[in-house]
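[1] model the following, please.
(one chain, ligands or ions: 1)
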Amino acid sequence: MGVLAVDLGGTNLRTGWCDDSPGWHAVTAIGWRQQGFPLDIEWLTAHLQHQIAYCETSVGAVDAVGIAVAAVIDPKTGNVKVGENLGWRNVALRTLLEDRLRKPVFVDVDAFCGALAEARLGSGVDQEHFLYVVLGTGIGHGLVLNRRVWRGVHAAANVFGHIKVGLGATPCYCGGRDCLCQYASGDALTQLAKLQGPPLIASGATVIDAYRRQERWATEAVETMYQTLALAVSHAFNLLDIACVIFGGGVIQADFPDLVDLQQRLETLVYPEIRPIILRRAALQQDAVLTGAALLAQGNLRGEAL
Ligand SMILES: [Zn+2]
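    Residues are numbered from 1 along each chain as shown. Okay, the predicted model is just below:
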């Protein structure tokens, strides 16, 4: 079954076609935020129509579209309840796109898609239970219990970024204060970088590069990130008694964050009986969410319970 997978994040929009054989075709990526595209249904529809037309003439049929969105989604309707990083609230995404694209469309939370992909094909294949933490523009999560993604009572079990880490009184866009995402997300690092240098080149990667050069402001920022991230992750270990946390998302690099450093912090924060503490990077890296969107579409076409 050929599907168009879509990863709609707070900064980038990626699409790709795949079928049941390994490998991606016609992969595209747009930095919609930096390029100033209006992220509305009309623009998104036009973009996806173009991708579907290209795939169907060049690589194969598109039997369905799977969309992973950085938002809270109603799983029954495919409606976006709220996606702060997209500027969306109460958008009937599935219905609107099915009407316009004339294809089956399946919508899910990006972190849930990433967790599903890591559980089936990535760093979580040998783990029955794990927490997948997405360090991107914001911070999300997908909790895998008994190899299934736990969606929560309100379908909102993806808001790890809003765990309170209590380092002061920093307000968050969610209305709360001292949320993890205000200290440890790509956006938090980017905001800090903008205070230090020319805003046009400022990004989370700017901070990480400066950290490698041991510039003091970046060292302080990364120390705060590690401290708050370790605190939040320790809450997950202590609450759930899981053994493994997998880090994914756009902020992750081959050597960042330093998992040995995080592990040492966690050894002192996690209850002693909860051992081992296993920390991993997402094996599917930046493709985890896109892969999960494809699994979402293919699974739904087959009538699988995901
Ligand atoms: Zn918050």
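
[2] low pLDDT regions in the stretch 101-250 of the chain?
    197-201 (pLDDT under 70).

[3] what do you get if the cut-off is 50, keeping everything else the same?
    Along the stretch 101-250 of the chain, the model assigns pLDDT under 50 to no residue.

[4] mind listing the helices for it?
    110-121, 181-184, 186-196, 204-212, 216-240 (DSSP state H, counting those that start in this stretch).

[5] quick one, which of these is nearest to the ion?
    helix 181-184 (6.0 Å; C-beta to the ion). C-beta: built from backbone N, CA, C; applies to glycine.

[6] anything in the closest one near the ion?
    No: counting by C-beta under 5 Å from the ion, the ion has no neighbours in helix 181-184; the shortest distance is 6.0 Å.

[7] please enumerate the strands of the protein.
    Applying DSSP state E to the chain gives strands spanning 3-8, 13-18, 25-30, 64-69, 72-74, 79-83, 88-91, 105-109, 130-135, 139-145, 148-150, 244-248, 278-281.

[8] just to revisit the earlier point, any chance of the helices of the stretch 101-250 of the chain in JSON lines, plus distance to Gly168 and mean neighbour count?
    Listed next are the helices of the stretch 101-250 of the chain as JSON lines, based on distance: least, C-beta to C-beta, whole Å; neighbours: other C-beta atoms under 10 Å:
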{"stretch": "helix 110-121", "distance to Gly168": "26", "mean neighbour count": "28"}
{"stretch": "helix 181-184", "distance to Gly168": "9", "mean neighbour count": "27"}
{"stretch": "helix 186-196", "distance to Gly168": "13", "mean neighbour count": "20"}
{"stretch": "helix 204-212", "distance to Gly168": "19", "mean neighbour count": "20"}
{"stretch": "helix 216-240", "distance to Gly168": "10", "mean neighbour count": "18"}
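
[9] now those in JSON lines, please, with extra columns for distance to Met1.
    Shown next, in JSON lines, are the helices of the stretch 101-250 of the chain (distance: least, C-beta to C-beta, whole Å):
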{"stretch": "helix 110-121", "distance to Met1": "16"}
{"stretch": "helix 181-184", "distance to Met1": "36"}
{"stretch": "helix 186-196", "distance to Met1": "33"}
{"stretch": "helix 204-212", "distance to Met1": "36"}
{"stretch": "helix 216-240", "distance to Met1": "35"}
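
[10] up against the ion, what does the stretch 101-250 of the chain have?
    His162, Cys172, Cys174, Gly176, Cys179.

[11] report the contact partners of the residue nearest to the last one when sequence neighbours are not counted.
    So that's Cys179. Nearest residue to Cys179 in three dimensions, chain neighbours excluded: Cys172, at 4.0 Å (C-beta to C-beta, 6 or more residues apart in numbering). Contact analysis of Cys172 by C-beta atoms under 8 Å, 6 or more residues apart in numbering lists His162, Asp178, Cys179, Cys181, Gln182.
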